[in-house]
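In: Let's see this in three dimensions:
(chains A, B, C and D, ligands or ions: 4)
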Protein chains: 2
Amino acid sequence: MATKAGVTAREIEVFDRFTAQRGLRHSRPRRDILCTFLDEDRHLTADEILRLARRRNPRVGVATVYRTMKLLTESGLCRELRIEDGAVRYEHLFGHGHHDHLICSQCGRLEEVVDPAIERLQDRLCEQKGFVADHHRLEIYGRCRTCAGFRKTPPRQRSVRRGESR
Amino acid sequence: MATKAGVTAREIEVFDRFTAQRGLRHSRPRRDILCTFLDEDRHLTADEILRLARRRNPRVGVATVYRTMKLLTESGLCRELRIEDGAVRYEHLFGHGHHDHLICSQCGRLEEVVDPAIERLQDRLCEQKGFVADHHRLEIYGRCRTCAGFRKTPPRQRSVRRGESR
DNA sequence: TATGATATTGATAATCTTTATCAATATTCA
DNA sequence: TGAATATTGATAAAGATTATCAATATCATA
Ligand SMILES: [Mn+2]
Ligand SMILES: [Mn+2]
Ligand SMILES: [Zn+2]
Ligand SMILES: [Zn+2]
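Out: Ligands and ions are numbered 1, 2, ... in the order given. So this is what the prediction gives:
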């Protein structure tokens, strides 16, 4: 379910097609940010992306990160995620297909899941309500298998709170 | 499904019990904000609550609104809602029971729904994954019955974007 | 390859939302 | 009533995201 680390040529291709079709130019910083995003498997915040991108290219600025992530979102390669901690994260979309999230409130882990039966019932619900669905978000909060277990080794507390990102 | 307008005595009772149990004092501004929140049926932002509260009591400040809404959340009377537009809204919880949302991207309408079958499947999904669920959020975005209809009378555009709240 | 049109960038200012500070005030209870 | 202290509102501060803008990079074309 999770994207394997390593930049996928296909994703770069998608982005190149997107920029071409928009009449955008190629640029080093944009490419660096794109690769940073693609190389990471986690759900990163803008600030985390900035730090990682600067390891490749110390000159990239915040604004360009936000600008690029917006482009990536528009190109369908990425999606913004707003969970209960209030932070905005970016997640891979290409090659993932739609999925929902199980979010551990204790260790912060974020598991991606799909349940076709649930999806079907959602469609049925919308139909009943006369609602034409475009997309949806389902997040289930609780304790992951590890954190809920016998907790012989309680995993590190990593529940993220807003403003804790430094 | 929606809370009927008009302050419910029971909700005030719940809050009084909550404050008493916490050793908090009674205060006019807090009461004004509580009643403002209870009187409104919509999903309001902090800023909207502030404006409405000031119609009752022009002296209330922003800080007290945030402080009070936090108390209301802790008391179980209200819940924070973060939808895709990025704004934080507060919604009634007491007398509502758990529910999910159908959100119209065109007119901004927010319909509350419950589908027991979906809830059951979510439980099953978590069980399969070894995940101990605490609560969840499901939001379905699209066009409401009115906006999706023959649109003889296209409803006012009210799709809210961040920072448009003035 | 040089060049001009213009897309892009990064530093920084500006916004917006939420929280922290703190002196003044209100509430509670002996 | 009078102290103890919880509460408030104005305002500063913090964080996150966006807007501004002069400098620079990109690219089609000559
Ligand atoms: Mn889903
Ligand atoms: Mn639900
Ligand atoms: Zn966990
Ligand atoms: Zn609508």
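In: Check the secondary structure at A:His26 for me.
Out: Per DSSP: H, G, I helix; E, B strand; the rest coil, the secondary structure class of A:His26 is coil.
In: mind listing what it touches?
Out: A:Thr19 (CB atoms under 8 Å, 6 or more residues apart in numbering or on different chains). Every residue, glycine included, has its C-beta placed from N, CA and C.
In: Buried residues of stretch A:65-74, list them for me.
Out: Of the residues in stretch A:65-74, those buried under the neighbour-count criterion (16 or more other CB atoms under 10 Å in any protein chain shown) are A:Val65, A:Thr68, A:Met69, A:Leu71, A:Leu72.
In: Kindly apply the preceding question to stretch A:29-48 instead.
Out: Taking 16+ other CB under 10 Å as the neighbour-count basis, stretch A:29-48 is seen to contain the buried residues A:29-38, A:40, A:43-46, A:48.
In: wait, what's in contact with the residue nearest in space to the middle of chain A?
Out: Nearest to the geometric centre of chain A sits A:Glu91, at 1.1 Å (CA atoms, centre = their mean). By CB under 8 Å, 6+ apart, the contact set of A:Glu91 is A:His43, A:Cys78, A:Arg79, A:Leu81.
In: Which of those residues fall in strands?
Out: Counting by DSSP state E, the members of the contacts of A:Glu91 that fall within strands are A:Cys78, A:Arg79, A:Leu81.
In: Pull the number of nearby residues for the first one.
Out: Taking other CB atoms under 10 Å in any protein chain shown as the criterion, the count of residues near A:Cys78 is 24.
In: So which bits of chain A are right by ligand 1?
Out: Taking CB under 5 Å from the ion as the criterion, the neighbours of ligand 1 within chain A are A:Asp100, A:Leu138.
In: where does chain A dip in pLDDT?
Out: A:1-7, A:150-166 (pLDDT under 70).
In: ok, now with 90
Out: Per-residue confidence for chain A (pLDDT under 90) gives these ranges: A:1-9, A:41, A:93-97, A:149-166.
In: could you pull out the helices for chain A?
Out: With DSSP state H, the ranges of helices along chain A come out as A:9-22, A:28-39, A:46-56, A:62-74, A:116-129, A:145-148.
In: re the thing from before, from the buried residues of stretch A:65-74, which single one is nearest ligand 3?
Out: Nearest to ligand 3 among the buried residues of stretch A:65-74: A:Met69, at 26.6 Å, using CB to the ion.
In: what's around A:Gly108, how many residues?
Out: Under the neighbour criterion other CB under 10 Å, A:Gly108 is assigned a count of 18.
In: Would you mind splitting chain A into its domains for me?
Out: Taking automatic domain parsing as the reference, chain A has its domains at A:1-96, A:98-152.
In: so, in contact with ligand 3 or not, the longest strand seen in chain A?
Out: As far as residue count goes, and with DSSP E defining each element, the longest strand of chain A is strand A:132-143. No - under the criterion of CB under 5 Å from the ion, strand A:132-143 makes no contact with ligand 3; the nearest approach is 5.9 Å.
In: burial of the residue nearest to A:Gly130 when sequence neighbours are not counted, as a residue count?
Out: Closest residue to A:Gly130 in three dimensions, ignoring its sequence neighbours and counting by CB to CB, 6 or more residues apart in numbering or on different chains: B:Arg145, at 3.4 Å. For B:Arg145, the number of neighbouring residues by other CB under 10 Å comes to 14.
In: B:Arg145 touches A:Lys129, doesn't it?
Out: Yes - with contacts defined as CB atoms under 8 Å, B:Arg145 counts as touching A:Lys129 at a distance of 7.0 Å.
In: Would you mind giving the helices of chain A as TSV with distance to A:Arg137 added?
Out: Output for the helices of chain A, formatted as TSV (distance: least, CB to CB, whole Å):
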stretch	distance to A:Arg137
helix A:9-22	22
helix A:28-39	20
helix A:46-56	19
helix A:62-74	14
helix A:116-129	11
helix A:145-148	23
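In: In TSV: these, plus distance to ligand 4.
Out: Putting those into TSV (distance: least, CB to the ion, whole Å) gives the following:
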stretch	distance to ligand 4
helix A:9-22	30
helix A:28-39	34
helix A:46-56	31
helix A:62-74	23
helix A:116-129	12
helix A:145-148	40
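In: before we move on, back to that, B:Arg109: which of the buried residues of stretch A:29-48 is nearest?
Out: Within the buried residues of stretch A:29-48, proximity to B:Arg109 (CB to CB) peaks at A:His43, which comes in at 29.5 Å.
In: in terms of contact, does the closest one touch A:Asp85 like I think?
Out: No - taking contacts as CB under 8 Å, A:His43 lies outside contact range of A:Asp85: 11.4 Å.
In: so who does A:His101 touch?
Out: In this structure, A:His101 makes contact with A:Leu81, A:Ile83, A:Leu110, A:Glu111, A:Glu112, A:Val113, A:Leu138, A:Glu139, A:Ile140, judged by CB under 8 Å, 6+ apart.
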